[in-house]
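Trainee: the following comprises the amino acid sequence and a computationally predicted model.
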Amino acid sequence: MTVPAPAGSEARTFASVFEALADTPADAAHLRLRADLMAAVGDRVAQWGVPQADAAARLGITRPRLNDLLRGKLGKFSLDALVTLATAAGLSVTLHIAA
């Protein structure tokens, strides 16, 4: 991903949108993990094919909170909260660490 630069400077290239948004590689990894978990929970909710109120009840959250999740409001969810929601959705969360 190439980000246009302000006048008088060079464009910067990033490996991912998360690296472009984050200040540090650790922040980028954190954003990527949260986005992946949010997408997985959203996909699971869609598979259920139930109204949002029922899906929210299954997850133990309010319908407005579920709506935030389904709309991808990443800033409203911590990594811990998303792991909890993924587990409540019946997903198995694992972490892969590579050098």
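Mentor: The structure has been received and is ready for your questions.
Trainee: contacts and neighbour counts: CA atoms only from here.
Mentor: Fine.
Trainee: and L59, what does it touch?
Mentor: Shown in contact with L59 (CA atoms under 8 Å, 6 or more residues apart in numbering): 85, 88-89.
Trainee: how about 10 Å then?
Mentor: Residues near L59 by CA atoms under 10 Å, 6 or more residues apart in numbering: 41, 45, 53, 66, 84-90.
Trainee: the residue most central in space within the chain: which element?
Mentor: Closest to where the C-alpha atoms of the chain average out (CA atoms, centre = their mean) is A35, at 1.9 Å. For A35, the element it lies in under DSSP states H and E is helix 25-48.
Trainee: quick one: distance of that helix to the chain centre.
Mentor: 3 Å (CA atoms, centre = their mean, to the nearest Å).
Trainee: next, the buried residues of the helix or strand following it.
Mentor: Going down the chain from helix 25-48, the next helix or strand is helix 52-59, by DSSP H and E. Along helix 52-59, the positions that meet the burial threshold by neighbour count (16 or more other CA atoms under 10 Å) are 52, 55-56, 59.
Trainee: nearest to L70, of these?
Mentor: Distance from L70 was checked for each of the buried residues of helix 52-59 by CA to CA. The minimum falls on Q52, at 9.7 Å.
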